[in-house]
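K.L.:
dropping a prediction and its sequence here:
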Amino acid sequence: MLYYHIRNANQQEYGPLSAAELRKRIGDGQVFSRTLAKEAGTVDWKQLSQFPEFCEALAAAVTNARTGLSTPPVLPIAWSEPNELVVKTSKSWAKASSVLAFGSLVCLMLGFAGTMLQEDEGVFLTIGFLGAFVTGIAAIINAVLAYRDSRAARALGPGCFVLVLILMAAILLPGFVPAKKAAQRNACINNLRQMDGAIEQWVLDNKKKPGDIAPDAELFGPGKYLKEKPTCPVGGIYTYGTAGTRPACSVPNHTY
């Protein structure tokens, strides 16, 4: 005796079913001519209408439905054929979720880029993180709405991936800001020490006294004490040049 396997609209597989059982399902309106089926032991899925042994049962089911001789029962969603409007709507939700997932990544990257280019890291991180979080949640909601069509279920992937990135960013980025500020402070202090050493050497070489002013032309440039004039990494203003007085930066905590 031959047995068959069938798939519903959500690609869930059922079987093995005998030919008699399958004909009964056809008569009950649980499977249709477009339902995918295969013989047990084979891998070739075909529409049920391509099996000659079921053509008569399918034709009878269509006739009965048109003449009102039998009324198909209300079926669970899992056994319903996908409505064309539902499929189109699901695909639209899926596309929207992918766009939103991409948008959330852009927000996250812009927030991170802002911390690299500006001094006020907190503002850029907050804007970027909130933008990524909102669009990532929207992508998940869109993907869930698209889940009616099994092909749209792939839309869950981008949204979930984005949320994982946001969680990682929430863990890692708060530690990035203090580390960046510490590196900038250390670089600035190193500049101040270099200028202090250059001024001290200028005082010794030129037999200057405390309070004398060292001009830039004698401190910075090729063949001078420093090849280039240092600048603060965060845009602070240096006060320097007076013999016996340490150079200073206008940025708070950039001192040594």
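P.N.:
Nice, I can see it.
K.L.:
mind listing what's buried along stretch 9-25?
P.N.:
Using 16 or more other CB atoms under 10 Å as the burial criterion, the residues of stretch 9-25 that qualify are 9, 10, 14, 15, 17, 22, 23, 25. All C-beta spots, glycine's among them, are computed from the backbone N, C-alpha and C.
K.L.:
which among the residues you listed gets closest to residue 203?
P.N.:
Of all these, the one sitting nearest residue 203 is residue 10; the distance, using CB to CB, is 84.3 Å.
K.L.:
farthest-separated two in the buried residues of stretch 9-25?
P.N.:
Set against one another by CB to CB, the buried residues of stretch 9-25 have their most distant pair in 10 and 23, with a gap of 22.9 Å.
K.L.:
pretty sure residue 6 sits in a strand.
P.N.:
Yes: read with DSSP: H, G, I helix; E, B strand; the rest coil, residue 6 is one of the residues of a strand.
K.L.:
ends of stretch 223-232, how far apart?
P.N.:
From the first residue to the last, stretch 223-232 extends over 23 Å; the measure is CA to CA, to the nearest Å.
K.L.:
that older thread, inside strands: which ones of the buried residues of stretch 9-25?
P.N.:
Among the buried residues of stretch 9-25, DSSP state E puts 14, 15, 17 in strands.
K.L.:
residue 20: which element?
P.N.:
helix 19-28 (DSSP states H and E).
K.L.:
contacts for the helix or strand following that helix, please.
P.N.:
Next helix or strand after helix 19-28 toward the C-terminus (DSSP H and E): strand 36-39. By CB atoms under 8 Å, 6 or more residues apart in numbering, the surrounding residues in contact with strand 36-39 are 2-7, 22, 31, 44-48, 51.
K.L.:
ok, and for strand 36-39, which residues are buried?
P.N.:
With burial defined by 16+ other CB under 10 Å, the residues of strand 36-39 counted as buried are 36, 37, 38.
K.L.:
which one among the residues you listed gets closest to residue 243?
P.N.:
The shortest approach to residue 243 among those belongs to residue 36, at 90.5 Å (CB to CB).
K.L.:
that closest one and residue 17: what is the separation?
P.N.:
Distance, residue 36 to residue 17, by CB to CB, to the nearest Å: 13 Å.
K.L.:
could you name every residue contacting both of these two?
P.N.:
The contact lists of residue 36 and residue 17 share residue 6, where a contact means CB under 8 Å, 6+ apart.
K.L.:
which residue ranges of the chain form strands?
P.N.:
3-7, 13-18, 36-39, 46-47, 238-239, 248-249.
K.L.:
circling back: I'd like to know which of the contacts of strand 36-39 are buried.
P.N.:
Among the contacts of strand 36-39, those buried by neighbour count (16+ other CB under 10 Å) are 4, 5, 6, 7, 22, 31, 48, 51.
K.L.:
and these, which is closest to residue 204?
P.N.:
Using CB to CB, those come closest to residue 204 at residue 7, 89.9 Å.
K.L.:
give me the pLDDT value at the closest one.
P.N.:
The model reports residue 7 with a pLDDT of 88.
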